[in-house]
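*Asks:* Here you go, sequence then predicted model.
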Amino acid sequence: MTDQITDDIDELIPASHISLSEPPEGKEATIEYLLDLVVESGRIEDRQAALDALLAREEETTTGVGMGIGIPHAKTEAVNRPSLAFVRSEAGVDFGSMDDEPATLIFLILVPEEGGEDHLQILSSLSRALMHDDVRERLHGATDESEVQATLREAIA
């Protein structure tokens, strides 16, 4: 992939990878919910392998980064291109963050196994963007998928 993986938000996170509906309760169910958004877009060749990679990563260390943010992520041969999915939760989902706050903005990152640089670029760009209160507020207030994409385009591209 390119150095500018985050420049094309519509390719990285198409509208079909965004859900403004409440996710199912629990971390693993939420991860599966987000994974299925990516599966339905045809980017996942082996759903179980992708899920195994995500859950193995969760076992290593928390993906709850604080400030109401969860970013489960993994590199896996099961995905055919870098992909990002998003859901927000009014109730919050416990991602084991160090501030003990449940995640209300949850992003799932999947990149092909050989895409280590893309993985780091997406994770770091997203993490930096989400440190800003206004970005988190806009994501909480978005009324449709295009507002989420516009916020991300402005914040990380």
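*Replies:* Nice, I can see it.
*Asks:* by contact count, what packs against the longest strand along the chain?
*Replies:* Within the chain, and with DSSP state E defining each element, the longest strand by residue count is strand 83-93. Using 3 or more C-beta pairs under 8 Å, 6 or more residues apart in numbering; DSSP states H and E, the elements in contact with strand 83-93 are strand 18-19, helix 27-40, strand 103-111, helix 133-141. No exception for glycine: its C-beta is placed from N, CA and C like everyone else's.
*Asks:* So which of the ones you listed is nearest residue 148?
*Replies:* When the helices and strands packed on strand 83-93 are compared for distance to residue 148 using C-beta to C-beta, the nearest one is strand 18-19, at 5.0 Å.
*Asks:* May I ask which helix or strand of this structure has the lowest mean pLDDT?
*Replies:* Here the helix or strand of the chain ranked lowest by mean pLDDT, DSSP states H and E is helix 116-130, holding a mean of 91.
*Asks:* In that one, which residues are buried?
*Replies:* By neighbour count on 16 or more other C-beta atoms under 10 Å, the buried set for helix 116-130 is 118, 119, 121, 122, 123, 125, 126, 129, 130.
*Asks:* Check those residues against residue 66 and report the nearest one.
*Replies:* Checking the buried residues of helix 116-130 one by one against residue 66 (C-beta to C-beta), the nearest turns out to be residue 130, at 9.8 Å.
*Asks:* The closest one against residue 136, yeah?
*Replies:* Yes - assessed by C-beta atoms under 8 Å, residue 130 is found in contact with residue 136 at 6.1 Å.
*Asks:* tell me, what's touching these two both at once?
*Replies:* Counting by C-beta atoms under 8 Å, 6 or more residues apart in numbering, the residues touching both residue 130 and residue 136 are 67, 69, 105.
*Asks:* how about the second one, what does it touch?
*Replies:* For residue 69, the contacting residues are 97, 103, 104, 105, 106, 107, 130, 136, by C-beta under 8 Å, 6+ apart.
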